[in-house]
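Asks: how does the following fold in three dimensions:
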Amino acid sequence: MLRDNQKYPSGNWRIWLILAGRGFGKTTAGAYNINLLIQNKMIKSLALIANTIFEARHIMLEKIIEFNNNEYGTSTRYIQILETKIYLFNGSYFDSLRGYSFDFVWIDELVKFKNTEALLQQVYLSLRIGISRIIITTTPKDIPTINKLKASDAVFLTEGSSYQNEQLSSNFKQNIANFENTQFGQQEIYGKTISETLWNRSDIVYQKPKKIIKYRIGIDPAVATGVTGIILIGIDEQRNYYILGDYSTRATPDIWIYIIKQIIDSYTPIEIAIEINQGGNLIKTLMKLYNISCNILEVRAISSKSNRRIPTYLLYKQKRIFHTEIFNDLEKELLECPADRIDALNWALQNTDPVYSAFDFFYI
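Replies: Coordinates of the predicted model:
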């Protein structure tokens with residue numbers, strides 16, 4: 001049974017924007033209402049647009065089929081339920097919409113796409129027949145497209161939080177409780193559009209450690225002429241984290257390895273966490289060449305930089321990461337969003353705290 005804020009709105013809208021927290025029931029609302037339109041023979045040609053074709057099929061289409069008792073047919077180009085032909089699209093390839101005519105479009109997780117404005121332009125031009133309406137179901141993000149949609153008279157806006165879904169598991173509710181009183185929680189739980197800048201100046205606390213039991217270097221190798229992030233942290237017995245040094249540099253690999261060797265020679269016990277998506281294997285090779293012995297944790301990023309910083313941000317909010325002195329460049333990144341040093345800090349913290357295991361942003 002749908003809640004009132006999941007039911008198809010009345011009125012003269014062109015876009016129904018469901019902007020809500022994780023687990024609100026956005027997908028359920030989209031699929032259930034589109035199925036009703038199919039059953040009532042109000043849609044002839046439907047486009048389902050997700051971040052990948054896999055997601056369009058397994059998140060969107062399968063949810064529609066779940067609500068539909070009719071058999072459906074497939075071809076190489078579309079799936080047909082009753083009189084409705086359903087086409088699946090990857091939203092990042094917006095030009096693939098050219099040439100099609102739809103009377104309804106459902107877009108899921110719009111904020112994941114690379115070029116949202118270009119996608120919507122193609123969607124508008126493809127709505128040429130029938131009721132010509134769009135449903136957009138997405139968690140919010142502070143991007144111009146979302147802000148423009150929220151301000152449009154053509155948009156019916158539904159907002160809501162995760163907690164409105166009474167069917168969520170108790171474990172899920174316990175997990176998201178960790179994000180309460182954070183900007184991330186406001187966005188991902190309560191569906192509020194929050195500035196991309198997570199950190200505030202008050203999140204940065206200066207404190208010296210009493211006793212360090214382990215050291216770790218986080219390395220984010222540069223692409224071409226960029227900055228290589230090199231951050232040294234210390235960990236105490238209470239699993240608090242102290243930033244001891246920012247050795248990040250815009251330099252050639254022989255300089256990186258010299259800096260890394262100097263750090264390893266100065267601190268013990270110490271290990272290195274390296275991003276291996278790019279440059280990590282080079283550092284391992286240089287360590288062998290320069291006879292540098294140290295335990296290495298290899299980390300592969302499988303999500304965006306903006307997502308990867310969330311666990312680290314949560315530790316700052318819990319007042320468990322401390323700066324032992326003023327690190328101007330790192331602190332500027334924390335407050336303004338660039339991520340070379342932040343990523344190096346992320347790698348240094350990997351596998352040290354349960355908060356990181358709650359996310360699938362990394363593969364170790």
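
Asks: for Tyr242, list the residues it contacts.
Replies: When contacts are counted by CB atoms under 8 Å, 6 or more residues apart in numbering, Tyr242 touches 207-209, 212, 233-236, 321-324. (Glycine included, C-beta is placed from N, CA and C.)

Asks: closest to Tyr100 among the residues you listed?
Replies: Of all those, Ile321 has the smallest distance to Tyr100: 49.5 Å, by CB to CB.

Asks: which parts of the stretch 151-300 of the chain are helices?
Replies: Remark: helices assigned in the stretch 151-300 of the chain by DSSP state H, counting those that start in this stretch are 170-176, 183-188, 253-266, 280-289.

Asks: check the gap between Lys68 and Ile49 for me.
Replies: You called it Lys, but residue 68 is Asn. 19 Å (CB to CB, to the nearest Å).

Asks: the more surrounded of those two?
Replies: Ile49 (30 against 18; other CB atoms under 10 Å).

Asks: give the other helices and strands that the helix or strand encompassing the more buried one contacts.
Replies: Ile49 is part of strand 45-50, with elements assigned from DSSP states H and E. Applying 3 or more CB pairs under 8 Å, 6 or more residues apart in numbering; DSSP states H and E, we find strand 45-50 packed against strand 84-90, strand 104-108, helix 116-126.

Asks: which outside residues touch that strand?
Replies: Strand 45-50 is contacted from outside by 34, 38, 56, 59-61, 84-91, 97, 100-109, 119, 123, 126, 129-130, using CB under 8 Å, 6+ apart.

Asks: which of these count as buried?
Replies: Buried residues within these, defined by neighbour count using 16 or more other CB atoms under 10 Å: 34, 38, 56, 59-61, 84-91, 97, 100, 102-109, 119, 123, 126, 130.

Asks: show the buried residues in the contacts of Tyr242.
Replies: By 16+ other CB under 10 Å, these give 212, 233-236, 321-324 as buried.

Asks: of those, closest to Gly25?
Replies: Closest to Gly25, out of all of the buried ones among the contacts of Tyr242 and judged by CB to CB, is Ile321, at 34.8 Å.

Asks: right, and that closest one touches Thr312 too?
Replies: Yes: in this structure, Ile321 is within contact of Thr312 by CB atoms under 8 Å, at 7.3 Å.
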